[in-house]
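> model the structure of this input:
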Amino acid sequence: MISFADAQVFLPKYLSPEGRKELFSEIKKFEGVSYYCKVDDPEPIQGDGWSEVEFIDLELVERRSIRAIVLSNSCDISVDNRRKMPARITISPLIRLSRLVNLLKKYAVPEQQIDQYLQDVRKQEVSNVFFLPAGAGLEEDSVAFFDSAQAPLLLSFTKSPDKTRLFTLSQFAFWLLLVKIAIHFCRAQEDILRSSSLPA
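Numbers count the residues shown, from 1 in each chain. All right, here's what the predicted structure looks like:
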């Protein structure tokens, strides 16, 4: 098992020494860790889940209200920031696991492969998917696909009268989200040879 001394380089620097040790302890337990906590901040923060969020279904070309997770970092979407242009907030739809199973069946994925895929999703081993267990405002295990993200105007998000915060991620779950976002969007080990300059 990796030691705390070895793991320190990967833990958030903004936490106190005690906070970093507590996070490391939670990471080691993983399965029994709570994904959710309470936050009084009325503004959206990274990793929040919200209901009644406006979303444009690009396949059906229609607007509808959905549940979504906030992917934008908290600083970029803070209302305190002075901006030269209107800010946007990156969100991804939350999909119930039962609906995901129905979609996989619709695309004729064999039952055995579905079972294995769900196991991998629950263990956070699928790079483009973030798994969220039932709890807080989620009645059922759910997932967010990073490649389904959209970026509506922040103002339209914050001014939406019907939206409700479903959950805020715990320190452990937030760290896990950041790791998975980094893996999905910023994978440095892509094994692609890139030229340093354009050919003459």
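> CA only for contacts and neighbour counts going forward, please
OK.
> now the terminal residues of stretch 124-132, how far apart.
Stretch 124-132 has its terminal residues 9 Å apart, counting by C-alpha to C-alpha, to the nearest Å.
> shift numbering so it begins at 186
Understood, numbering begins at 186; the last thing we discussed is stretch 309-317.
> pLDDT on it, on average?
Average pLDDT, stretch 309-317: 90.
> and for stretch 230-250?
Stretch 230-250 shows a mean pLDDT of 88.
> so which bits of it are buried?
Buried residues in stretch 230-250, defined by neighbour count with 16 or more other C-alpha atoms under 10 Å: 230-240.
> tell me the gap between that stretch and the middle of its chain.
14 Å (C-alpha atoms, centre = their mean, to the nearest Å).
> ok, and the closest non-adjacent residue to Glu296?
Lys290 (7.8 Å; C-alpha to C-alpha, 6 or more residues apart in numbering).
> in the host helix or strand of the one you found, what's buried?
Taking DSSP states H and E as the criterion, Lys290 maps to helix 282-291. Within helix 282-291, the residues that count as buried by 16+ other C-alpha under 10 Å are 282, 286, 289.
> now stretch 293-300
For stretch 293-300, the neighbour count (16+ other C-alpha under 10 Å) marks Ile299 as buried.
> can you add secondary structure and distance to Pro271 and give the buried residues of stretch 230-250 back as CSV?
Converted to CSV, these look like this (DSSP: H, G, I helix; E, B strand; the rest coil; distance: C-alpha to C-alpha, whole Å):
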residue, secondary structure, distance to Pro271
Ile230, coil, 18
Gln231, coil, 18
Gly232, coil, 21
Asp233, coil, 21
Gly234, strand, 22
Trp235, strand, 21
Ser236, strand, 23
Glu237, strand, 22
Val238, strand, 18
Glu239, strand, 17
Phe240, strand, 18
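> and Cys222, how far from Gly234?
12 Å.
> could you tell me which residues touch both of the two?
When contacts are counted by C-alpha atoms under 8 Å, 6 or more residues apart in numbering, Cys222 and Gly234 have 352-353 as shared neighbours.
> out of the helices and strands in the chain, which is least certain?
When each helix and strand of the chain is scored by mean pLDDT, DSSP states H and E, helix 189-192 comes last, with a mean of 54.
> show me where the chain has strands.
221-222, 234-242, 247-255, 276-281, 314-317, 327-330, 349-354 (DSSP state E).
> and of the ones you listed, who's closest to Ala336?
Closest approach to Ala336 among these is made by strand 276-281 (6.2 Å; C-alpha to C-alpha).
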